[in-house]
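1. sequence and predicted structure below; questions after.
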Amino acid sequence: FGSSTSLRVDGSPALTSYLTFDVEGVGTPTRAILRIFPNASAGTGFDVHRVQDTTWGESTITFDTAPAVDQAIIGSSGALTLGVPVDVDVTSLVAGNGVVSLALTSAGSTQLNLASRESGANAPQLIVSASIVPPTATATATDTATATETATASATPTETATLTETPAPTVTPTPTATLPPQTDTTFVPAADAYVSAGSPAVNFGSSTSLRVQASPALNSYLTFDIEGVGTPSHVILRIYPNSSAGTGFDVHRVQDARWGESTVTFSNAPAIDAAIIGSAGALTAGVPVDIDVTSAVTGNGLVSFALTKTTATQLNLASRESGANAPQLIVSASIVPPTATATATDTATPTLTATDTATPVATATATSIDTATASDTPTATEIATDTDTPTPTDTPVPAP
């Protein structure tokens, strides 16, 4: 059933759902949440287990070939409501980057219907919060130079000793790190209004409510002006119902965000994309509903949504003119990994030359250790050892 748009869970006969996530580009996780969207309401929920074997294939797995499910329950959901996501804490399963596999089971006999990744906007999600470790850079330079020269001269020899020394390199580590904070930025609409098929030429932009209904059609429009965020990692549209209702609404993208709050009517309203980004379940007066609209927001700029429904029950929602319960777009921006750069500069000085002349009775001195001794027996012996071992070690270590 790998191509199904739903995941099924039941205790008897057994229906078990498997999910695998490939976690990439995170540091050490501080929290991990599994988010599941129910396709139907149910009085009971599901349990989450670890699956050690992550090599199973979506298009090949069957009940006979399915990998073993760990007996331990990592977390459980409560009762399910259609379209309202449930979050289960699975932090203990996620240690960092890599593949992690989960199984959903139930001890009850009520079959659960959950959205799979093939369902689109309501696909399961693994939300990983990771700690930020400031980068560190360490540079170590070691330079060892040893020069030893011994000269013994008699009977007027002339010797010349040349000593070349390369001093320690200069190491300049320059760590550069950018650590933007991981914060949620909340935006209220720049414009919102509803339009009515029953009054196609009337503008309702100043109303304190947004109305949604299938027939006669009432559609609500919202535009947000997003500024000062990076690449969004998670975006939530939050709506406050003014009254309770047994059914909710669907959220669509509107490509044309240039409509005006004080001029939009049913007759001139921009086209609504057919695709549903997300849906709200049953509504309770004053209790906000959150819809994941991450797929519709790519960064800064104007973004416009429409709220529609397929049933005749009219919904009454708070507009931006209502004040504290105005709609909100909550944008979580991704973290840009810090970078560190180290630059090593090696500077050598010019060659140093020392000339040492010894006569029958003379003592000559060279730089480092230079000893000249005259004796009655003319013997010239020179042992010159010049060892220069600069060993720079430059180890900048930026944290991920």
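-> Now that the structure is in, tell me what you want to look at.

2. remind me which residues of this protein are low pLDDT?
-> For the chain, the stretches with pLDDT under 70 are 131-182, 334-400.

3. make sure I have this right: V303 is in a strand.
-> Yes. V303 forms part of a strand when assessed by DSSP: H, G, I helix; E, B strand; the rest coil.

4. any idea how many residues pack against E261?
-> Neighbouring residues of E261 were enumerated by other C-beta atoms under 10 Å; the total is 20. Just so you know, the C-beta spots here come from the backbone N, C-alpha and C atoms, and that holds for glycine as well.

5. for V202, see how far away it is.
-> Summarising the geometry, the distance separating E261 from V202, computed by C-beta to C-beta, to the nearest Å, is 14 Å.

6. do G45 as well
-> 45 Å.

7. between those two, which has more neighbouring residues?
-> Ranked by neighbour count (other C-beta under 10 Å), G45 and V202 place G45 first, with 21 against 11.

8. and that one, what does it touch?
-> Neighbouring residues of G45 by C-beta atoms under 8 Å, 6 or more residues apart in numbering: S76, S77, G78, A79, L80, V86, S106, L112.

9. separation between it and N242?
-> Distance of G45 to N242, computed by C-beta to C-beta: 29 Å.

10. dump the contacts of G45 into CSV; add secondary structure as well.
-> Converted to CSV, these look like this (three-state DSSP):
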residue, secondary structure
S76, strand
S77, coil
G78, coil
A79, coil
L80, strand
V86, strand
S106, coil
L112, strand
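
11. now, of the residues you listed, which are buried?
-> A residue is treated as buried here by neighbour count (16 or more other C-beta atoms under 10 Å); on that basis the buried members of the contacts of G45 are S77, L80, V86, S106, L112.

12. what's next to stretch 275-287, contact-wise?
-> Under the criterion C-beta under 8 Å, 6+ apart, external residues in contact with stretch 275-287 comprise 41, 81-84, 120-122, 237, 239-253, 289, 291-293, 295-296, 305, 315, 325.

13. sorry, that was for stretch 116-131
-> Residues from elsewhere that reach stretch 116-131 (C-beta under 8 Å, 6+ apart): 3-7, 19, 21, 23, 26-37, 39, 83, 85, 87, 90, 94, 100, 114-115, 182, 234, 275-279, 292-293, 295, 335.

14. quick one, phi psi at T91?
-> Its backbone dihedrals place T91 at phi -60, psi -40, with angles given as degrees, to the nearest 10.

15. OK, contacts around it?
-> Each residue near T91 by C-beta under 8 Å, 6+ apart is listed here: P29, T30, R31, A32.

16. please repeat the previous calculation with a cut-off of 6 Å.
-> Contact criterion C-beta atoms under 6 Å, 6 or more residues apart in numbering gives R31, A32 as the residues in contact with T91.

17. any idea how far I74 is from it?
-> Distance, T91 to I74, using C-beta to C-beta: 9 Å.

18. repeat for I276
-> Applying C-beta to C-beta, the value for I276 to I74 is 31 Å.

19. flag every buried residue along the strand or helix carrying V128.
-> Counting by DSSP states H and E, the element that carries V128 is strand 125-130. Residues Q125, L126, V128, A130 are the ones in strand 125-130 that count as buried (16+ other C-beta under 10 Å).

20. before we move on, what about stretch 62-72?
-> Taking 16+ other C-beta under 10 Å as the basis for neighbour counts, the residues of stretch 62-72 that come out buried are V69.

21. gap between the two ends of that stretch?
-> Stretch 62-72 has its terminal residues 22 Å apart, counting by C-alpha to C-alpha, to the nearest Å.

22. let's number from 783 now, not from 1
-> I'll keep to 783 as the first residue from here, and by that count the last item is stretch 844-854.

23. what residues does that stretch touch?
-> Stretch 844-854 has contacts (C-beta under 6 Å, 6+ apart) with H831, R832, V833, D835, W838, A885.

24. show me what contacts V1071?
-> V1071 is in contact with I1021, A1062, counting by C-beta under 6 Å, 6+ apart.

25. so it bridges to which residues?
-> I1021 (DSSP bridges).

26. so who does the closest residue in space to A814 that isn't next to it in sequence touch?
-> Counting by C-beta to C-beta, 6 or more residues apart in numbering, the nearest residue to A814 once its immediate chain neighbours are dropped is V876, at 4.0 Å. Shown in contact with V876 (C-beta under 6 Å, 6+ apart): P811, A814, V882.

27. sorry, back to before: report the buried members of the contacts of stretch 898-913.
-> With neighbours counted using 16+ other C-beta under 10 Å, the contacts of stretch 898-913 contain these buried positions: 788-789, 801, 803, 805, 808-809, 811, 814-819, 821, 865, 867, 872, 876, 882, 896-897, 1016, 1059-1061, 1074-1075, 1117.

28. please identify which of the contacts of G827 is nearest to L1000.
-> Taking C-beta to C-beta as the measure, L862 is the one of those closest to L1000, at 28.4 Å.

29. for P1014, see how far away the residue nearest to the closest one when sequence neighbours are not counted is.
-> Using C-beta to C-beta, 6+ apart and skipping the chain neighbours, the partner closest in space to L862 is P820 (4.0 Å). In this structure, P820 and P1014 are separated by 25 Å, where distance is defined by C-beta to C-beta.

30. please apply the same query to L864.
-> The separation that L864 has from P1014, given C-beta to C-beta, amounts to 26 Å.

31. hmm, back to that, would you list the contacts of G827 in TSV and tack on distance to G980?
-> Shown next, in TSV, are the contacts of G827 (distance: C-beta to C-beta, whole Å):
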residue	distance to G980
S858	46
S859	41
G860	40
A861	38
L862	36
V868	37
S888	45
L894	40
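
32. next up, the contacts around F986.
-> Residues near F986 by C-beta under 6 Å, 6+ apart: A975, Y976.

33. now it, what's its secondary structure?
-> For F986, the assignment made with three-state DSSP gives coil.

34. identify the farthest-apart pair in the buried ones among the contacts of G827.
-> V868 and S888 (13.2 Å).

35. re the thing from before, of P820 and P1014, who's got more company?
-> Looking at P820 and P1014 with other C-beta under 10 Å, you find the greater number of neighbours at P820, namely 25 against 19.
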